[in-house]
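Visitor: The sequence and its predicted three-dimensional model are supplied below.
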Amino acid sequence: MQTHHFRLILGLPLLLATGWSAAYGRAHDWEDDDHSHDRARRATERGEILNLSEVYTRVAAQVPGRVLEAELEREHGRWVYELKILDPRGRLQEIELDARTGAILDHEEKE
């Protein structure tokens with residue numbers, strides 16, 4: 001099964017000002033041919049995945065730091081968030097979470 005992904009960038013004001021299409025162009029063609037951010041928004045509205053603010057709250061309790069990047073992927077039929085966090089010690093933490101439950105699936109510390 002193919003893995004589809006897109007990046008949710010923390011520079012949202014830039015994306016809102018320029019428009020998602022201008023910043024990223026056409027997203028991967030998914031089954032309904034919409035932009036991937038639209039599909040993710042609908043999944044959130046249907047309760048299939050947690051919104052990013054809820055994910056940040058859950059992760060911050062276990063892995064404090066500043067979120068540098070958030071990515072949402074569809075892997076093997078399920079949504080997965082991937083976060084890159086700069087911890088208070090200045091180390092990069094890469095966290096993979098089940099987007100529906102917020103459960104941490106993988107946690108790697110990069111040097």
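Guide: That came through, no problem. Numbers count the residues shown, from 1 in each chain.
Visitor: How about the secondary structure of the residue lying closest to residue 43 once chain neighbours are set aside?
Guide: Nearest-residue entry for residue 43: residue 49, 4.8 Å, with adjacent residues in sequence omitted and distances by CB to CB, 6 or more residues apart in numbering. Quick note: C-beta positions are derived from backbone N, CA and C, even for glycine. Assigned by DSSP: H, G, I helix; E, B strand; the rest coil, the conformation of residue 49 is coil.
Visitor: Ok, residue 83 next?
Guide: The three-state label for residue 83, taken from three-state DSSP, comes out as strand.
Visitor: tell me which residues of stretch 43-55 are tucked away?
Guide: In terms of neighbour count (16 or more other CB atoms under 10 Å), stretch 43-55 has its buried residues at 43-44, 49-50, 52, 55.
Visitor: Quick check: end-to-end length of it?
Guide: Stretch 43-55 has its terminal residues 14 Å apart, counting by CA to CA, to the nearest Å.
Visitor: Can you give the contact residues for it?
Guide: In this structure, residues lying in contact with stretch 43-55 by CB atoms under 8 Å, 6 or more residues apart in numbering are 8, 40, 58, 70, 72, 79, 81, 83, 97, 99-102.
Visitor: 6 Å instead, please
Guide: With CB atoms under 6 Å, 6 or more residues apart in numbering as the contact definition, stretch 43-55 has outside contacts at 79, 81, 99-100, 102.
Visitor: Which SSE is immediately downstream of the helix or strand residue 44 falls within?
Guide: Secondary structure assigned from DSSP states H and E places residue 44 in helix 36-45. Following the chain from helix 36-45 toward its C-terminal end, the next helix or strand by DSSP H and E is helix 52-62.
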